[in-house]
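Colleague: Fold the following and give me the result.
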Amino acid sequence: MPITLKDIADKTGVSPSVVSTVLSGRDNGTFVSKDTRERVLRVAMELNYTPVRSGRPRGSRRLRRQRLDQFVGVWMSETGSANVVLLDQLQQAIRQYASIQATSEEFDYDFGLRLLLAEDLSRLDMLGVIGLIVVGDTALPRSAAAASIPTVLLGEIDHAPQEIATVHLDNFAAGRVVGEHLWRLQHRQVAFLAPSSKPRVTRQRWQGLQSVWVENGGTSEGLLPAPYDTKSGVDLKNQVCDTVDELFGKVGGSAPTALVAFNETIAAYALQALIALKMSVPADVSIATFGDTPNGAEAQAVPITTVRSPIKQLVTSAIAQLYSLAREQSEEEVTPQILKGRDLAFPGELVIRDSTKPALQLP
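Modeller: Below you'll find the predicted structure:
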């Protein structure tokens with residue numbers, strides 16, 4: 001049975017009209033707070049609601065013109081607050097893109113998004129979408145990688161197919177800016193809490209950290225890789241807590257003076273684990289991370305220093321890239337040569353908060 005606006009309204013505690021306002025992305029005079037918008041989008045993702053429409057309203061001459069759908073499919077490998085923010089920004093980006101397109105006397109364009117399920121990826125040509133945006137830093141599903149429609153990956157992976165464009169945070173630069181910050185604070189023993197399941201992003205951030213130590217003459221032992229996803233059958237929180245226990249629970253030896261966490265969720269779990277070990281942040285150990293979503297790094301018991309992703313720039317570029325590919329494909333087949341140079345990386349912004357301070361220098 002298809003999910004309706006009422007189903008989402010019942011689960012979020014708002015009216016169907018508010019749900020409609022959020023999912024359409026259109027200005028209809030109804031004010032919706034940021035928290036409510038994010039809650040509605042999160043529930044829509046959880047319930048696999050589709051479509052999510054965000055095109056501009058059509059003019060009064062719509063009945064005299066041929067309607068031309070310009071919907072983009074969106075598939076997210078993971079749910080979570082970061083992807084809810086991305087979905088909201090994608091709505092705004094496609095609405096902005098629609099608003100600047102020249103009107104046509106012949107066609108009545110209708111822009112929008114459709115949230116897709118994993119099983120939809122094998123039948124993209126039947127869904128009526130002009131292109132696909134894949135959100136995530138994990139390997140593309142075979143069905144998505146083999147799609148014949150224009151595809152943009154909003155993320156970074158190893159061996160991305162030549163047929164797609166990629167838009168992502170500059171993860172090497174992000175790792176480097178965190179490393180420079182911690183080095184300035186006299187931290188020389190730093191652990192990197194990261195997953196092995198996202199090899200390219202993990203490697204890029206690790207190499208960014210390493211570059212700072214190399215340039216400043218730091219020792220190779222000063223940076224400690226700490227993968228937290230090595231145990232099967234253990235939930236994420238306990239994986240992180242167990243790894244933190246291993247780093248700081250040993251008697252004797254030198255423990256890291258700082259932790260760099262892969263994302264805000266990992267940073268929050270690490271903070272909880274340190275508190276359980278009776279360690280103070282940042283007096284005993286500093287924490288830095290990547291990502292800066294609402295109710296994320298800043299909302300922790302100790303606000304966490306982070307590299308803020310340029311989300312608006314990322315999603316705007318992804319939408320522009322996708323429609324550019326769609327136009328080129330409508331004129332002639334897009335070749336790998338055309339796609340060369342369409343790996344776009346954007347720098348993040350270091351946001352310094354209370355979780356980092358100068359390392360305690362022992363005599």
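
Colleague: Quick one: name whatever helix or strand follows whichever helix or strand Val178 is part of.
Modeller: Assessed by DSSP states H and E, Val178 sits inside helix 171-184. With elements assigned by DSSP H and E, the helix or strand that comes after helix 171-184 is strand 190-194.

Colleague: helix, strand or coil for Pro256?
Modeller: State at Pro256, reduced to three classes by DSSP: H, G, I helix; E, B strand; the rest coil: coil.

Colleague: picking up where we left off before, with just CA atoms, put the helix holding Val178 into PDB.
Modeller: Provided in PDB are the C-alpha atoms of helix 171-184 (Å, rounded to 0.1, in the frame of the first residue of the first chain):
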ATOM      1  CA  ASN A 171      38.600  15.100   2.100                       C
ATOM      2  CA  PHE A 172      42.300  15.400   1.900                       C
ATOM      3  CA  ALA A 173      42.100  19.100   2.600                       C
ATOM      4  CA  ALA A 174      39.600  18.400   5.400                       C
ATOM      5  CA  GLY A 175      42.000  16.000   7.100                       C
ATOM      6  CA  ARG A 176      44.800  18.500   6.600                       C
ATOM      7  CA  VAL A 177      43.000  21.400   8.200                       C
ATOM      8  CA  VAL A 178      42.200  19.300  11.300                       C
ATOM      9  CA  GLY A 179      45.800  18.200  11.500                       C
ATOM     10  CA  GLU A 180      47.100  21.700  11.300                       C
ATOM     11  CA  HIS A 181      44.700  22.800  14.000                       C
ATOM     12  CA  LEU A 182      45.800  20.000  16.400                       C
ATOM     13  CA  TRP A 183      49.500  20.500  15.600                       C
ATOM     14  CA  ARG A 184      49.200  24.200  16.500                       C
END
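
Colleague: Can you name the residues bridging to the nearest residue to Val177 once chain neighbours are set aside?
Modeller: Leaving aside its sequence neighbours, Val177 sits nearest to Leu350 (CB to CB, 6 or more residues apart in numbering; 4.9 Å). In this view, the C-beta of every residue, glycine as well, is placed from N, C-alpha and C. Per DSSP bridges, the residues bridged to Leu350 are Val307.

Colleague: Distance of Leu350 relative to Thr316?
Modeller: 22 Å (CB to CB, to the nearest Å).

Colleague: Remind me what the helix holding Val178 packs against, helices and strands.
Modeller: helix 199-215, strand 258-261, strand 286-290, strand 305-308, strand 349-351 (3 or more CB pairs under 8 Å, 6 or more residues apart in numbering; DSSP states H and E).

Colleague: next helix or strand past the helix or strand hosting Ala226?
Modeller: For Ala226, the element it lies in under DSSP H and E is strand 223-227. Counting by DSSP H and E, the element after strand 223-227 in chain order, helix or strand, is helix 236-248.

Colleague: Report the distance from that following helix to the chain centre.
Modeller: 24 Å (CA atoms, centre = their mean, to the nearest Å).

Colleague: Would you mind extracting the C-alpha trace of that helix into CSV?
Modeller: Taking C-alpha atoms only, helix 236-248 is exported to CSV below (Å, rounded to 0.1, in the frame of the first residue of the first chain):
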residue,chain,number,x,y,z
LEU,A,236,27.9,1.1,16.0
LYS,A,237,27.9,2.7,19.4
ASN,A,238,29.5,-0.3,21.1
GLN,A,239,32.1,-0.6,18.3
VAL,A,240,33.2,3.0,18.9
CYS,A,241,33.1,2.6,22.7
ASP,A,242,35.2,-0.6,22.6
THR,A,243,37.7,1.1,20.4
VAL,A,244,38.0,4.1,22.7
ASP,A,245,38.4,1.7,25.7
GLU,A,246,41.3,0.0,23.9
LEU,A,247,42.9,3.4,23.2
PHE,A,248,42.6,4.8,26.7
